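Chemist: curious how this folds, go ahead:
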Amino acid sequence: MRYHQSGNIPPKRHTIFKSPEDKFYYEQLFGTEGFHGISSLLYHIHRPTQIKSIGEAKDVAPKIAVEKNVTPRMFKGMNVTPEDDFMDSRKFLMVNNDLKMGLSKPRKSMDYFYKNAECDELLYVHNGSGILKTFVGNLEFSVGDYLIIPRGTIYQVELNSDDTVFFVVESHSPIYTPKRYRNEFGQLLEHSPFCERDIIAPTFVAPKDEKGEFLIKVKKENQITDFIYATHPFDVVGWDGYFYPYKFNIKNFEPITGRIHQPPPVHQTFEAHNFVVCSFCARMYDYHPMAIPAPYNHSNIDSDEVLFYTEGDFMSRNHIDLMDFTLHPGGIVHGPHPGAMERSIGKKFTEEYAVMVDPFRPLKLTEEALKVEDPSYKTSWLEEQDKTMEDRSQE
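Modeler: Presented below is the predicted three-dimensional model:
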């Protein structure tokens, strides 16, 4: 992250700051990790602490169906059920103690405010467009955008259509750009696949000076609790710091290529504690005269591998549809489907786009995941003759 400033702020932090009408503004430190991590200072028209009432907590913990998984799996995202409500639409498919991930297909804009008080959020826009409205400004989003929303951000989502699809990751640790692409001052290096110009901060919006009853749904410990506040949460007259939501579009990722096949770390876009996020983008294939563009067989002994397919054709897999997820558990060898390696030879370019998440602790599968699983995936590497025998044995 880099320093950003919007609106009006005092020349010195933690000092008196008043409106032209000689009324006090109220400072808020917005940050994590006990005053050690990155933070921002926000200046409110009203005290941001004015709770009028707190409702009952609603349990939203994912229901675990498979605690320990060693089976390669495919989940058909197309079959995840849309919901009108933004939060009800969030269907988690895979979880562990570090993250939750799944799909969200909301049909309606939010008529309340929301704050995740426990997790950073990554929303990848697979389909649709709209505006992410936050207490530090707005971000217009469209297909291909990663929206990175730090924990504690109060926000609303306004949709332009009823067919929006988000790939969602909730992270129990902060989501950062890879450390190896930053120097000791935090600046992205020349060989980084993206730079600060590609990272878009919120556009400042005039503050809302409103009193009444404002519903903020707060999520923590797998519960959502309704808080009613006496003032509009978007009453920020100015802010500055390093802690704020931002967007980055997958098509601004500049792929790193080579003469022979490059491993997945060259596609890394974000990292958090015990997992990474990678962007597979349109790129030149390997250009050694004997190169095999298809990935080689490999076993990630220490991590599961999840791919979300979002655009284009996928050379290494047979029968992949957009919005599919594949899960390859750590320790189990996987690689191109039969024929994919041979088809790839001589190819010069790919138009594929996919988001990959590699967690370093095993994933548990939810009931929502099993609802949309394609059970045939685990045997999809069989040669044709063996596949025919397998199909007959199941008749």
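
Chemist: so what's the closest residue to residue 254 other than its chain neighbours scoring on pLDDT?
Modeler: Using CB to CB, 6 or more residues apart in numbering and skipping the chain neighbours, the partner closest in space to residue 254 is residue 193 (4.7 Å). No exception for glycine: its C-beta is placed from N, CA and C like everyone else's. Residue 193 is assigned 95 on the pLDDT scale.

Chemist: and residue 193, what are its phi and psi?
Modeler: When quoted as degrees, to the nearest 10, the phi and psi of residue 193 stand at phi -80, psi 0.

Chemist: that one contacts residue 251, doesn't it?
Modeler: No - in this structure residue 193 lies outside contact range of residue 251 using CB atoms under 8 Å: 11.9 Å.

Chemist: those two: who's more crowded?
Modeler: residue 193 (19 against 15; other CB atoms under 10 Å).

Chemist: would you check how far apart that one and residue 142 are?
Modeler: In this view, residue 193 and residue 142 are 21 Å apart by CB to CB, to the nearest Å.

Chemist: same question, residue 302
Modeler: Residue 302 is 36 Å from residue 142, by CB to CB.

Chemist: kindly report the same for residue 305.
Modeler: Distance from residue 305 to residue 142, by CB to CB: 28 Å.

Chemist: how about stretch 255-273: buried residues?
Modeler: Buried residues in stretch 255-273, defined by neighbour count with 16 or more other CB atoms under 10 Å: 261, 264, 267, 268, 269, 270, 271, 272.

Chemist: so which of those residues are in strands?
Modeler: 268, 269, 270, 271, 272 (DSSP state E).

Chemist: test my guess that the last one contacts residue 99.
Modeler: So the one you mean is residue 272. Yes - assessed by CB under 8 Å, residue 272 is found in contact with residue 99 at 7.3 Å.

Chemist: quick check: neighbours shared by the two?
Modeler: residue 171 (CB atoms under 8 Å, 6 or more residues apart in numbering).

Chemist: for the stretch 251-395 of the chain, which spans come out with low pLDDT?
Modeler: When residues are selected by pLDDT under 70, those of the stretch 251-395 of the chain lie in 384-395.

Chemist: helix, strand, or coil at the residue sitting nearest the centre point of the chain?
Modeler: Nearest to the geometric centre of the chain sits residue 122, at 2.3 Å (CA atoms, centre = their mean). What DSSP: H, G, I helix; E, B strand; the rest coil gives for residue 122 is strand.

Chemist: what sits against it?
Modeler: Residue 122 neighbours (CB under 8 Å, 6+ apart): 146, 147, 148, 149, 168, 169, 171, 175, 270, 277.

Chemist: list just the nearest of those to residue 83.
Modeler: residue 168 (13.0 Å; CB to CB).

Chemist: which strand or helix spans that closest one?
Modeler: strand 165-171 (DSSP states H and E).

Chemist: the helix or strand following that strand vs strand 165-171, what angle?
Modeler: For strand 165-171, the following helix or strand on the C-terminal side (DSSP H and E) is strand 211-220. Computed by axes from the mean of the first three to the mean of the last three CA atoms, to 10 degrees, the angle separating strand 211-220 from strand 165-171 equals 70 degrees.
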